[in-house]
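>>> Based on what follows, work out the 3D shape:
(one chain, ligands or ions: 1)
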Amino acid sequence: MDNMKISAILYSIVAIIFILCAATGGSPAFYGVAAAFIALAAASYPKKDKKDCEQNGSTECVIVYGGFYRGTKQYAQNLSEQTGIPAISYKDEPSLSNMRVIIFIGGLYAGGVRGLTKTLRNFHLRDNQKLILVTVGLANPNEHENRDNIRVSLQKQLSPEVFYKIKFFHLRGRIDYNKLTFVYSMMIKLRYHSLRKKPLETLTSEDRTFINTYGKQASFIDFNALKPIIEEIYLPVERVP
Ligand SMILES: Cc1cc2nc3c(=O)[nH]c(=O)nc-3n(C[C@H](O)[C@H](O)[C@H](O)COP(=O)(O)O)c2cc1C
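Numbers count the residues shown, from 1 in each chain. Here you go, the predicted structure:
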C-alpha cells in the first residue's frame, strides 16, 4: 500500500475517534475536528487520474498508434486528451522499455494490425509492464465470430509469450473508399467481387458489413467505447504465472 493510502486511512481513523468522543459526551467541537480530518483523508487518498502515469515528472505510459487513414489516430488522440498520456505514431519508433503501460491502437488490414510487428520487434514484456492492444476495424467486434477471427489473426502476429499477457480491446473504425490507395482499392475490389459470387447464407457478418459499406464513406467511430480501456489503464499490473 502506498504512503498516500496509509495517510488517508490514518486520518479516517482519527476522524472516527473524534466523532465517537463527541457522541459519547465530549465537546461538540470534536465534530468540527472530525470534519477537518475527513477532509484531510479525502485530499490525501490517491486519485486515479492521469498522474498515475507520471513519476518524477516523466511519463510512464504511452499510446502508440498504427493506422493508414484517420480512424486509429482519432481514437489515439481522444484517448490522449482524456488521460493526458502522449500519443505517438508507430513510425516515430517510441522507446517502450521504460514504460509501465503501453497502449497500442492499430488498424486491421486483412486481419493484421498495422505497425504492431514493427513496434514489438525486440520488445520483451516485463512483469511490471502492461500492454493493452486495441484493434480498429470495420467488422463489429460485439459479434463473437468477428472477435474470434481477430483473435486468431492476432495469435499469428504475436509470440505466445506476449499474446497471453496482453489485454485486448476491439473498436470500430471508418472507411472512405474514394480515398484508398490504388493497391488497397484493388484489394478491396477483388474481395468484393469474390464475395458477391458466394451464396448469401455462407457470408459471415464481417463479409456482410464489408459488402454493405463497399464504395461508400462509413464511420463507426465511438469514443464512448474507450471507457473500459481507460479503466484498464489504471488497474494495477496483473502478474501472469
Ligand atoms: C485494404 C483494407 C483491408 C481491411 N481489412 C480489414 C479487416 O480484415 N478487418 C476489419 O475489421 N476491417 C478491415 N479494414 C477496415 C479498416 O480496419 C478500417 O478502415 C480502420 O478504420 C483502419 O484504420 P485507419 O482508419 O486508422 O487506417 C480494411 C480496410 C482496408 C482499406
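>>> ok, which stretches of this protein are strands?
54-55, 58-59, 61-66, 87-89, 101-109, 112-113, 130-137, 167-172, 174-176, 217-219 (DSSP state E).
>>> could the ones you listed go into a markdown table alongside distance to the ligand, mean neighbour count and mean pLDDT?
C-betas here are computed from N, CA, C, even on glycine. Formatted as a markdown table, these follow (distance: least, Cβ to the nearest ligand atom, whole Å; neighbours: other Cβ atoms under 10 Å; pLDDT from 0 to 100):
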| stretch | distance to the ligand | mean neighbour count | mean pLDDT |
| --- | --- | --- | --- |
| strand 54-55 | 28 | 12 | 71 |
| strand 58-59 | 23 | 12 | 73 |
| strand 61-66 | 8 | 24 | 97 |
| strand 87-89 | 11 | 17 | 97 |
| strand 101-109 | 3 | 24 | 97 |
| strand 112-113 | 8 | 22 | 94 |
| strand 130-137 | 2 | 23 | 97 |
| strand 167-172 | 8 | 19 | 97 |
| strand 174-176 | 4 | 18 | 94 |
| strand 217-219 | 9 | 14 | 94 |
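>>> would you turn these into TSV with distance to R196?
Formatted as TSV, the strands of the chain follow (distance: least, Cβ to Cβ, whole Å):
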stretch	distance to R196
strand 54-55	52
strand 58-59	48
strand 61-66	30
strand 87-89	36
strand 101-109	21
strand 112-113	24
strand 130-137	21
strand 167-172	23
strand 174-176	18
strand 217-219	18
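>>> got the CA positions of the top helix by length along the chain in PDB?
Under DSSP state H, the helix in the chain containing the largest number of residues is helix 3-23. In PDB, the C-alpha atoms belonging to helix 3-23 read as follows (Å, rounded to 0.1, in the frame of the first residue of the first chain):
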ATOM      1  CA  ASN A   3       2.100   6.200   1.700                       C
ATOM      2  CA  MET A   4      -0.900   8.300   0.400                       C
ATOM      3  CA  LYS A   5      -3.300   5.500   1.100                       C
ATOM      4  CA  ILE A   6      -1.800   4.900   4.600                       C
ATOM      5  CA  SER A   7      -2.200   8.600   5.400                       C
ATOM      6  CA  ALA A   8      -5.800   8.600   4.200                       C
ATOM      7  CA  ILE A   9      -6.600   5.600   6.400                       C
ATOM      8  CA  LEU A  10      -4.900   7.100   9.500                       C
ATOM      9  CA  TYR A  11      -6.800  10.500   9.000                       C
ATOM     10  CA  SER A  12     -10.100   8.500   8.700                       C
ATOM     11  CA  ILE A  13      -9.300   6.600  12.000                       C
ATOM     12  CA  VAL A  14      -8.600   9.900  13.800                       C
ATOM     13  CA  ALA A  15     -11.900  11.400  12.400                       C
ATOM     14  CA  ILE A  16     -13.800   8.300  13.700                       C
ATOM     15  CA  ILE A  17     -12.200   8.700  17.200                       C
ATOM     16  CA  PHE A  18     -13.300  12.400  17.400                       C
ATOM     17  CA  ILE A  19     -16.800  11.500  16.200                       C
ATOM     18  CA  LEU A  20     -17.100   8.800  18.900                       C
ATOM     19  CA  CYS A  21     -15.700  11.200  21.500                       C
ATOM     20  CA  ALA A  22     -18.300  13.900  20.500                       C
ATOM     21  CA  ALA A  23     -21.100  11.300  20.500                       C
END
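>>> Cheers, nothing more for now.
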